[in-house]
Structures are given as structure tokens and as C-alpha cells.
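**Student:** Predicted model follows, preceded by the sequence.
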Amino acid sequence: MISKMRIERKIERKRNPELVNTLIQLKKKFPEIAKDVGRPVKKQIKLNLRAIDKVSKAGENIVICGKVLSGGELSKKINIVALGFSEMAIEKIKKSGSDFSLLKDSLDKKLNDFKMLR
């Protein structure tokens, strides 16, 4: 468990106002997700669809504390919430019939029911 003060220090160093607002809201409800989202850009998670497909089950809810890239295909219908998506990844997710949303738009959902990929 990360302390809220450490998350505050990470927020102070961020320059993107959208990311800062997301971190502030995450800090209150989901500190574990805020810890991973607050990483430096070079250390943020980037996952291909192929890797997501390997570890997920059909109908599962997935949270990715980073960006989803378009490498590979999705063979299952899943719900993905991530910090960002590449344009090709969005096309492939739609093609597979899966749902996706940005983390900043999903803060009102129960992210505790989601499986977190790191």
C-alpha cells in the first residue's frame, strides 16, 4: 500500500492537467491504481492486445494503468479501462466486440471489480 503523501508528491511533478485531475480522483478511491498511473512516462505500462488476450477471460473487466497498443488481436469480448489507447488498438477492440473506456471517464465505476494488469 502506498501512502497518500507519496501520491501527492508524484502529483506535484506532473505537468499534464488532465493526468493530475485523474490522479487526484484516483488517490481518494483507488490508491493502488494511482500509484501505477503516477509513474514517470518512461516507466508507464504499455501493453499489446496480444498480452491482454493471453491473461484475460471472456467477459472479464480489465484495468490497465498505462497505454494499450495495437500489437496482436483480441479473441474474447472483454471490457478494458486504460489510461490511453492507440488509434489502431481502438479499431481492433471495436472489431472484436469488446468495450473500452479511458480511466478518467471510468472513475465513477466500481474499479474494485476489475482485474488490474501491471
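**Tutor:** Noted; the coordinates are in hand.
**Student:** can we go C-alpha only for contacts and neighbour counts from here?
**Tutor:** Noted.
**Student:** Run a quick neighbour tally on L103.
**Tutor:** For L103, the count of nearby residues is 24 (other C-alpha atoms under 10 Å).
**Student:** Tell me who's in contact with it.
**Tutor:** Applying C-alpha atoms under 8 Å, 6 or more residues apart in numbering to L103 gives the contacts 22, 81-84.
**Student:** Could you identify the longest strand within this protein?
**Tutor:** Scanning the chain for the strand with the most residues, using DSSP state E, yields strand 61-69.
**Student:** what lines up beside that one in the sheet?
**Tutor:** strand 45-48 (parallel), strand 79-85 (parallel), strand 115-117 (parallel) (DSSP bridges).
**Student:** helices or strands next to the following helix or strand past the longest one in the packing?
**Tutor:** When you say that, I think you mean strand 79-85. As assigned by DSSP states H and E, the chain's next helix or strand after strand 79-85 is helix 87-96. If you count contacts as 3 or more C-alpha pairs under 8 Å, 6 or more residues apart in numbering; DSSP states H and E, helix 87-96 packs onto strand 61-69, strand 99-102.
**Student:** Of all those strands, which one is nearest A51?
**Tutor:** Closest to A51 of the helices and strands packed on helix 87-96 is strand 61-69 (C-alpha to C-alpha; 9.9 Å).
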